[in-house]
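Asker: here are the coordinates; sequence isn't available:
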């Protein structure tokens, strides 16, 4: 499965994919006043009778009664277009993802991660406007949103398929020598198993394809995708990794040893992070910073490459150098004053 996604990503990266977009999903931070204004502006532009194509636009259910968004006023401005506006819910994203042809994100990387969290299976193509902080995943300038969307819908888009992980929690059954699955999550950045509220370090066993790799005594372990290499993985001392690398990054968080180095594994491996029966405390697992789950002794998390990648829309013609520009400009990667050259003295 991982190999098939990898080959498809290579093909999509070299073509311009023309989409028949009729239904647009708008995602933003519903508590940010400026972003609410931006969302209203984009919705109004998409619903305007001036568009040659009639779009159906979905915004978050919370905006229905939001006075700043003023949905009744918007529909009043655009007469007879009530049927073209709708409100999305979490249930729609999880159970009816095919409803949406295209997703427009207004915010930062956190908003893009939220899009991945909402769509736990199939993800519509995501075009992200940079209205946040760092912005490794937000590739487009909001000030030019009209031209950007017009070009994307008319001429097509370049897609980068980002690897996602599938994490499954296994809990020990009471009085049985077996485990039961207790939730599966599709994540874009990382799965972290840490000590949680416990005052002492955690003990985690790492297995790969059912073979024991190592025991980790640390604050925790971060298992990151290439996309997530610039997030918690970076802060924990892990390697930066180009998002098109088909790998799994494993980094200890404050390991109580001098010899634990971050490792990079192929995405064909199935990892299992478990809390041994003799551990002094439980551990806690989180998935893209959400859904904290306690792992008691005997419980584990299985991590593998997901069947459902994240379709990220890229700027045309900037695919190859985009990531290097991001880590250089946003993280100051390898920033140093240049060494002066010698000026040879001649007699």
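Answerer: In hand now; what should we look at? This structure is a prediction, so every number in the text was calculated from the model and none was measured.

Asker: you'd agree residue 255 is up against residue 214?
Answerer: No. Applying Cβ atoms under 8 Å, one finds residue 255 not in contact with residue 214, separated by 10.3 Å. C-betas here are computed from N, CA, C, even on glycine.

Asker: between those two, which one's more packed in?
Answerer: residue 255 (20 against 14; other Cβ atoms under 10 Å).

Asker: nearest spatial neighbour of residue 302, skipping sequence neighbours?
Answerer: Nearest non-adjacent residue to residue 302, counting by Cβ to Cβ, 6 or more residues apart in numbering: residue 168, 4.6 Å away.

Asker: same check, this time on residue 225
Answerer: Residue 225 sits nearest to residue 163 (Cβ to Cβ, 6+ apart), 5.1 Å away.

Asker: if I look at that neighbour, how far off is residue 224?
Answerer: Distance, residue 163 to residue 224, by Cβ to Cβ, to the nearest Å: 10 Å.

Asker: higher neighbour count, these two?
Answerer: residue 224 (29 against 24).

Asker: surely the more buried one and residue 164 touch.
Answerer: No. Using Cβ under 8 Å, residue 224 is not in contact with residue 164, being 11.6 Å away.

Asker: so the residue nearest to residue 225 makes contact with residue 308?
Answerer: No. The pair residue 163 / residue 308 is not scored as a contact, 10.4 Å apart, by Cβ under 8 Å.

Asker: what helix or strand is residue 86 located in?
Answerer: In this assignment (DSSP states H and E), residue 86 forms part of strand 85-88.

Asker: next structured bit after that strand?
Answerer: Downstream of strand 85-88, the next assigned helix or strand under DSSP H and E is helix 90-95.

Asker: buried ones in that next one?
Answerer: Residues 92-93 are the ones in helix 90-95 that count as buried (16 or more other Cβ atoms under 10 Å).

Asker: helix, strand, or coil at residue 250?
Answerer: strand (DSSP: H, G, I helix; E, B strand; the rest coil).

Asker: likewise for residue 216?
Answerer: Three-state assignment for residue 216 (three-state DSSP): strand.

Asker: which residues touch the host helix or strand of residue 41?
Answerer: Per DSSP H and E: residue 41 is located in helix 33-47. Helix 33-47 is contacted by residues 24, 26, 28-30, 51, 55, 57, 59, 63, 66, 68-70, 74, 77-78, 81, 84-85, 104, 106-107, 129, 131, 142, 145-146, 149 when judged by Cβ atoms under 8 Å, 6 or more residues apart in numbering.

Asker: can you give the distance from the helix or strand just after that helix to the centre of its chain?
Answerer: Remark: after helix 33-47, the chain's next helix or strand is strand 56-60, criterion DSSP H and E. Relative to its chain's centre, strand 56-60 lies at 21 Å (Cα atoms, centre = their mean, to the nearest Å).

Asker: partners of strand 56-60 in the sheet?
Answerer: Strand pairing for strand 56-60, determined by DSSP bridges: strand 23-28 (parallel), strand 85-88 (parallel).

Asker: just those strands: most buried one?
Answerer: Mean neighbours per residue, mean count of other Cβ atoms under 10 Å, is largest over the strands paired with strand 56-60 for strand 23-28, with a mean of 22.

Asker: what's residue 184 sitting at in phi/psi?
Answerer: For residue 184, the backbone dihedrals (degrees, to the nearest 10) come out as phi -130, psi 140.

Asker: the nearest residue to it once chain neighbours are set aside and residue 187, how far apart?
Answerer: Once flanking residues are discounted, residue 184 sits nearest to residue 168: 4.6 Å by Cβ to Cβ, 6+ apart. Remark: distance between residue 168 and residue 187 (Cβ to Cβ) = 11 Å.

Asker: likewise for residue 107?
Answerer: 18 Å.

Asker: which one's more surrounded, those two?
Answerer: More crowded of residue 107 and residue 187, by other Cβ under 10 Å: residue 187, with 29 against 26.
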